[in-house]
Each structure stands twice: as structure tokens, then as C-alpha cells.
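> pasting the sequence and the predicted coordinates here, then a few questions.
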Amino acid sequence: MRSPNVVAKFTPYQKFVVAVLAFLQFTIILDFMILSPLGAILMPALRMSSSQFGLVVSAYAFAAGASGLLAAGFADRFDRKKLLLFFYAGFIVGTLLCGLAPNYVALLAARAFTGVFAGVIGSIVFAITTDLFPFEMRGRVMGVLQTAFAASQILGLPLGLWLSNRWGWHAPFFMIVVVAIAVGAGILAYLKPINGHLGVAPDRSPFHHIWDTVRRPSYLQAFVTTALLSTGGFMLMPFGSAFSVHNLGISLALLPMVYMVSGLFNIVLGPLAGRMSDAYGKMRVFGAATALGIVSVIYYTHLGLTPIAGVIAINVIIFATVTARMISSSALISAVPDPRHRGSFMSISASLQQISGGLAAALAGLIVVQPDEGPLQHFDTLGYVVSAAMLITWASMSFLARRIGRHRDAGEALRTLSH
């Protein structure tokens, strides 16, 4: 095995930036995830059909995808701190409107409004990460940011469900608003302006800036890879709980334990995957996680009745591979855009993730069938499709990694000659 590289240490300010961005990601992810477990309470409370509830869920994703594309032309024209605060304030207002929604139409509009603002925040966070941290540190940063997913599983969702059972479905949204206001205050008070990119960004129209971003071959390859990367997780995620209950025989009472234990492991494994990405190579970690992910997905989707210990174990492995692939790929792709394109690149990339994820979930719904609330059928077929998507993504990521390596080598040679 390749010997690990010497890893640089974080400064106190860098630690603060990572922490505040992780808390911010926690509120965004929790707001996105909280709706699904609230479905059993929301649908009768607001007299929604299952199709209407599905529309409420998808309205957020498609609004987020559209807003990211629209914001791409403006993403590099402002101080990233100000841009982050503006969209985070809109997200807080939208989440508050969700909690105050009196009926289905109001909730649908509030979810779309929230998605418009939330869809841009992720891209700003990754642009800030790329601006403030060198390539050699980004794996560890992405590893910490990805723990927001695990934290939402083991802290946010159980707390949100407890609040909804005690005070109604409105309460989890109010909880998110309170936490988000505290995070926003910390950003406003302590995050320094992030405007170094303004000195290199050309003064041009937003539409020209978008066109200048999407027409570059290396960027296009990264966009395709990003879209493929979202496919696997979004195909399995919507049916995970139903498959566990109806096919694996896990009771609804024990289902939260599966996700909580998986989340606990991910809090440890996420930062570890980030550190390994920096030490041993981001593409090496991505390749290893892909190989293990394909094997575990095919095994998982062919399971029948399974003891809960076995279900927890395979879920831990699958979540770990998904996390490792996301961390290593995010760190790797962060090296693609030039400073003057980072904001627009990240906005378009985030939008493609949202849109491709929505399409993947829809495709999965066409493959999987559940007759009369019985066991899910064709879940094994879905496993093969997900595995094929993971393999294609690995091939695309390999080409992209070689292009990044050549670009970085050329940059190092140029800096050496200049000195």
C-alpha cells in the first residue's frame, strides 16, 4: 500500500469554518429528510393523497435544481459570505412557512420556496471549501461536512419525530428554524468575507458567465460524472424502509435502530474516509468504496427475511461506501474549476445532483413493484441497475482524475519555472 502523505494541520479559524459549515449542512439536510418520516402524520392531518405527498417531496428537489441553474451566473459576482447569508435567510423563512402551513397547497408552495433557497446553499458551501482549503486538506473537510448526514439520522430525525408526536407535525420545522438562526448568527459574526475570487472573475453578463462555464470540456465531464454519482443513492433510498419492513422482516418499532446505528458508524467512518482520501489518494478511496459498494448492494437487494443484526451490518457497509464515494469524489471534483468559475460550477453541479436524483427515484419507482402492500418485487433488478451505474461512474471518475492530475502537474511545473 502506498505510504500516507504528510497531512497539514487545521488552523483555529479553519476549524471554526468547518464546524459552522457542518452545522449549516445539518439544518439543510434535516429539512430535506424530515418530510419523509412525517408522511404518516402529515397526510391525514392535511388530507393529502399519496400522490399529493409525493408532489410535496419532489417540489423541493426540482425547485432546488432550477434555482441552482438560475443562480449559476451570479454565484461568482458576490462575496460568498454575503451570498450564503442571503440564501440561508431565505431557507429559514421557507422552513418557517412550512411549519405554519395550514393546508396542502400552502405546504406545497412553502416546500418549493424553501427548495429555491436551499438548492443554492450546498454549492456555496463547496465553493467556500475550495476557496479556503488547499486540495490536500479537502478530503478531511468533506469528511466532516458529510457527518451532517449521519447526525441528521441519529439526532435530527428521532428528535423531530419525538417533537411531532408531542406537539404535532409543525414542531420539527420550528426546531430547524431555531437551530438555523443560531448558525446564521455565528456566520454573520465570525465568518470573514470570502471575496478573493472577485479579483480574478471577469466583468461579464451572468448568461455569458454560465456559457463560459458549461462549454469547457473538463467541466462537462465533471457535470456528467456528478449526475451519474447521484443515481445510485437516490434509487435505493426511497425504498429502503419499505424493503426492510416488507422483505427483510424488520418491524416498524425496530426500524429507527437500523438508521441510528448506521448513522453512529458514519459519524466515525466519514472523517476517516476523508483523512484516507488526503493520505492515500482520492481516486484510490473512491475505487475501493465503489468495489465494496457494488458487492454489498447486490447482496443486500437479494436478501430475504434477515435478523436485525444482519440488516444493521449490511446497512452500515452500504452507508459507509456511499459516504466514502461522496467524500472522495467531492474532494476530487473540487479541483476541476478555476477560481473565477467555482461558484457557477458548484451551482450547476448541485442542480444536476438534485435533478438526476429526482429522475433516478422516478426510474426506481418504475422498476420496483409492491402488490397489495406485500413484499417489494424486482428489488434485485434495481440492485443490478444501481451497480451498473456505480461502475459507469467509476469509469467516468477515472478519466476525470487523470485529467485533473495532468492539470495539477502542469500547474506545479509552471509555478516551478516562475520561481
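Thanks, I have the structure now.
> so where's the stretch 301-419 of the chain shaky on pLDDT?
Within the stretch 301-419 of the chain, the stretches with pLDDT under 70 are 339-340, 342-343, 358, 373, 407-419.
> if I look at residue 267, how far off is residue 22?
Distance, residue 267 to residue 22, by C-beta to C-beta, to the nearest Å: 11 Å. C-beta coordinates here come from the backbone N, C-alpha and C atoms, glycine included.
> kindly apply the preceding question to residue 404 instead.
25 Å.
> more crowded one of the two?
Counting neighbours by other C-beta atoms under 10 Å for residue 404 and for residue 22 shows that residue 404 has the greater number, 21 against 18.
> you'd agree the more buried one is up against residue 331?
No. Between residue 404 and residue 331 there is no contact under C-beta atoms under 8 Å: 10.7 Å.
> sorry, back to before: overlap in contacts, residue 267 and residue 22.
residue 147 (C-beta atoms under 8 Å, 6 or more residues apart in numbering).
> so residue 390 is in which element?
Residue 390 belongs to helix 379-418 when assigned by DSSP states H and E.
> who does that helix touch, helix- and strand-wise?
helix 217-236, helix 282-301, helix 308-333, helix 342-367 (3 or more C-beta pairs under 8 Å, 6 or more residues apart in numbering; DSSP states H and E).
> what comes up buried for it?
379, 382-383, 385-387, 389-390, 393-394, 396-397, 400-401, 403-404 (16 or more other C-beta atoms under 10 Å).
> same question, stretch 47-65
Neighbour-count burial for stretch 47-65 [16+ other C-beta under 10 Å]: 48, 53-65.
> residue 353: which of those is nearest?
Residue 353 lies nearest to residue 65 out of these, by C-beta to C-beta, at 8.0 Å.
> gap between the closest one and residue 84?
19 Å.
> what of residue 320?
In terms of C-beta to C-beta, residue 320 sits 30 Å off from residue 84.
> just the helices in the stretch 151-300 of the chain please.
157-167, 170-190, 206-214, 217-236, 240-246, 255-280, 282-301 (DSSP state H, counting those that start in this stretch).
> mind checking the pLDDT average for the fifth one?
Read that as helix 240-246. The average pLDDT for helix 240-246 rounds to 78.
> could you name the helices and strands sitting against it?
helix 255-280.
> so for the helix it packs on, what gets flagged as buried?
255-256, 258-263, 265-267, 269-280.
> for that helix, which helices and strands make contact with it?
Short answer (3+ C-beta pairs under 8 Å, 6+ apart): helix 255-280 packs on helix 138-151, helix 157-167, helix 240-246, helix 282-301, helix 308-333.
> of all these, which lies closest to residue 365?
So among the helices and strands packed on helix 255-280, helix 240-246 is nearest, using C-beta to C-beta, at 11.4 Å.
> how many residues are close by the closest residue to residue 33 other than its chain neighbours?
Once flanking residues are discounted, residue 33 sits nearest to residue 152: 5.7 Å by C-beta to C-beta, 6 or more residues apart in numbering. The number of residues packed near residue 152 is 24, by other C-beta under 10 Å.
> excluding chain neighbours, what is closest to residue 83?
residue 124 (5.7 Å).
> name the SS class of the one you found, please.
Secondary structure, DSSP: H, G, I helix; E, B strand; the rest coil: residue 124 is helix.
> quick one: it and residue 345 touch, right?
No. With contacts defined as C-beta under 8 Å, residue 124 does not count as touching residue 345, sitting 11.9 Å away.
> would you mark the buried spots in stretch 162-175?
163-164, 169-175.
> between the residues you listed, which sits nearest residue 294?
residue 172 (35.3 Å).
> burial measure for the residue nearest to that closest one when sequence neighbours are not counted, as a count.
In space, and not counting its chain neighbours, residue 172 is closest to residue 160: 3.6 Å by C-beta to C-beta, 6+ apart. Neighbour count of residue 160, defined by other C-beta under 10 Å: 24.
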